[in-house]
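Enquirer: no FASTA, just this:
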């Protein structure tokens, strides 16, 4: 593949990598697993990139490939050594403006979403990313009505986890 | 504004609190090899095709070859020989076609369905081979019985005639059982490998299917 294509891809990925990081944090338990999944998502994105026509936004396409990798394609590798869990990891925050309260609430939210199953996580993630039901339905391959019904159930479930 | 809406706005306002990769690091990452389940399915399928084709050649070209030709007759023997390769080519074609349909940018449910379809092709291929091994295995075992000079002399001897039917029935039953157990063990190992590999996928596929009911 031409290096122009590679350059263009890497630049877009660099700008949108936060999406992949958020998915990795939801679907893994420690930093090593996070990096491992991030790597696999990157490979899958690159493999599928020649078919990306630009009909949709790069980020929209990215949501689909990254979630598919996390839910379906990714296979946990055994070579990994046990490392710190997220809860104990101090994230390095670039030009931090987030206050303690926001950080605390985000940790709470991540903790709650992680208790859901793979599919529920994907639905909640897309909801939190402010995707509409049409996009959520298209990403998962279900009908819009069913996405809405399921989302309402998960919202209740999530609220119950947050406020036991 | 309910609690989830507040959390949603917090979520969207979150800054880059992850270790970020530079373009140089990302370029390095895309050069790495994938270890996705699709890749595993591909390698396992290649292994199956190679192993079973070798087994097929071994069975067809063994020292039983002439006896097979004699018993089945040339047209039937070579016919089945050609047919077995046509069947393998058919399975390779089916597998390749399904495999090519798998793409990471499909809707999740479609992607899972395509992976399971690819796996199904290999499942049929294994079934086909097991039936093949069963039939030819038992025929070969019976041929050995009649072509071994010492054994055939015993079978044809006058004193043995009254036991002949019972002996033959027992022998064939044992051989069928032997090949059945052999195939069952093979199939068990095979199912275990795919079971481990696809457990999570199947669970998630069921979950999505459940939503559509």
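Expert: Good, I have the coordinates. Predicted model, so just to flag it, every value in this text is computed and none were measured. Numbering: from 1, shown residues only, chains lettered A, B, ... in the order given.
Enquirer: spatially central residue in chain A, please.
Expert: Note on chain A: the residue nearest the mean C-alpha position is residue A:23, at 1.9 Å, using CA atoms, centre = their mean.
Enquirer: elements contacting the strand or helix carrying that residue?
Expert: Following DSSP states H and E, one finds residue A:23 within helix A:3-27. Counting contacts by 3 or more CB pairs under 8 Å, 6 or more residues apart in numbering or on different chains; DSSP states H and E, helix A:3-27 packs against helix A:31-48, helix A:58-68, helix A:100-113, helix A:118-128, helix B:23-30. Bear in mind the C-beta positions are built from the backbone N, C-alpha and C, glycine included.
Enquirer: quick check: buried residues in the third one?
Expert: Of the residues in helix A:100-113, those with enough neighbours to count as buried (16 or more other CB atoms under 10 Å in any protein chain shown) are A:102, A:103, A:105, A:106, A:109, A:110, A:112, A:113.
Enquirer: near chain B too, which of those residues?
Expert: Residues of those in contact with chain B (CB under 8 Å from any CB of the partner chain): A:102, A:105, A:106, A:109.
Enquirer: phi and psi next, for the residue of chain A found nearest chain B.
Expert: Per CB to the nearest CB, the residue of chain A with the smallest distance to chain B is residue A:141, at 3.0 Å. The phi/psi pair for residue A:141 (degrees, to the nearest 10) reads phi 80, psi 30.
Enquirer: mind giving me the domain split of chain A?
Expert: As assigned by automatic domain parsing, chain A contains the domains A:1-89, A:96-164.
Enquirer: could I get the ones you listed as CSV with mean pLDDT?
Expert: Shown next, in CSV, are these (pLDDT from 0 to 100):
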stretch, mean pLDDT
domain A:1-89, 85
domain A:96-164, 89
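Enquirer: nearest to residue B:39, of the ones you listed?
Expert: For the domains of chain A, distance to residue B:39 was read as CB to CB. The smallest value, 8.6 Å, belongs to domain A:1-89.
Enquirer: run the chain-centre distance for that closest one.
Expert: With CA atoms, centre = their mean, to the nearest Å as the basis, domain A:1-89 stands 8 Å off its chain's centre.
Enquirer: do the same with stretch B:78-92
Expert: With CA atoms, centre = their mean as the basis, stretch B:78-92 stands 16 Å off its chain's centre.
Enquirer: for that stretch, report the contacting residues that lie outside it.
Expert: If you take CB atoms under 8 Å, 6 or more residues apart in numbering or on different chains as the criterion, stretch B:78-92 is touched by B:49, B:52, B:53, B:56, B:60, B:72, B:121, B:124, B:125, B:128, B:132.
Enquirer: now swap in stretch B:107-115 and tell me
Expert: Stretch B:107-115 is contacted by residues A:64, A:67-68, A:71-73, A:122, A:138-142, B:37-38, B:41, B:98, B:101-104, B:106, B:198, B:201, B:204-205, B:208-209 when judged by CB under 8 Å, 6+ apart.
Enquirer: any quick ChimeraX command for the buried ones out of those residues?
Expert: This is how ChimeraX selects the buried members of the contacts of stretch B:107-115, with burial counted by 16+ other CB under 10 Å:
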select /A:64,67,68,71,72,73,122,138,139,140,141,142 /B:37,38,41,98,102,103,104,106,198,201,204,205,208
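Enquirer: where does chain B dip in pLDDT?
Expert: Residue ranges of chain B with pLDDT under 70: B:1, B:15-19, B:59-64, B:68, B:71-72.
Enquirer: for it, what spans make up the helices?
Expert: B:3-13, B:23-30, B:37-60, B:65-72, B:74-100, B:108-147, B:149-156, B:161-211 (DSSP state H).
Enquirer: okay if I get the ones you listed as a markdown table plus distance to residue A:54?
Expert: Converted to a markdown table, those look like this (distance: least, CB to CB, whole Å):
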| stretch | distance to residue A:54 |
| --- | --- |
| helix B:3-13 | 25 |
| helix B:23-30 | 19 |
| helix B:37-60 | 25 |
| helix B:65-72 | 60 |
| helix B:74-100 | 23 |
| helix B:108-147 | 21 |
| helix B:149-156 | 74 |
| helix B:161-211 | 28 |
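Enquirer: ok so, going back, please name the residues that touch the residue of chain A closest to chain B.
Expert: Contact partners of residue A:141, counting by CB under 8 Å, 6+ apart, are B:106, B:107, B:108, B:109, B:110, B:111, B:208.
Enquirer: ok, the last one to chain A distance?
Expert: Going back to what we said before, that points to residue B:208. Counting by CB to the nearest CB, to the nearest Å, the gap from residue B:208 to chain A is 6 Å.
Enquirer: tell me who's in contact with that residue.
Expert: Applying CB under 8 Å, 6+ apart, the residues contacting residue B:208 are A:119, A:140, A:141, A:142, B:108, B:109, B:112.
Enquirer: could the residues you listed go into TSV alongside distance to residue B:190?
Expert: Listed next are the contacts of residue B:208 as TSV, based on distance: CB to CB, whole Å:
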residue	distance to residue B:190
A:119	28
A:140	31
A:141	29
A:142	32
B:108	27
B:109	26
B:112	21
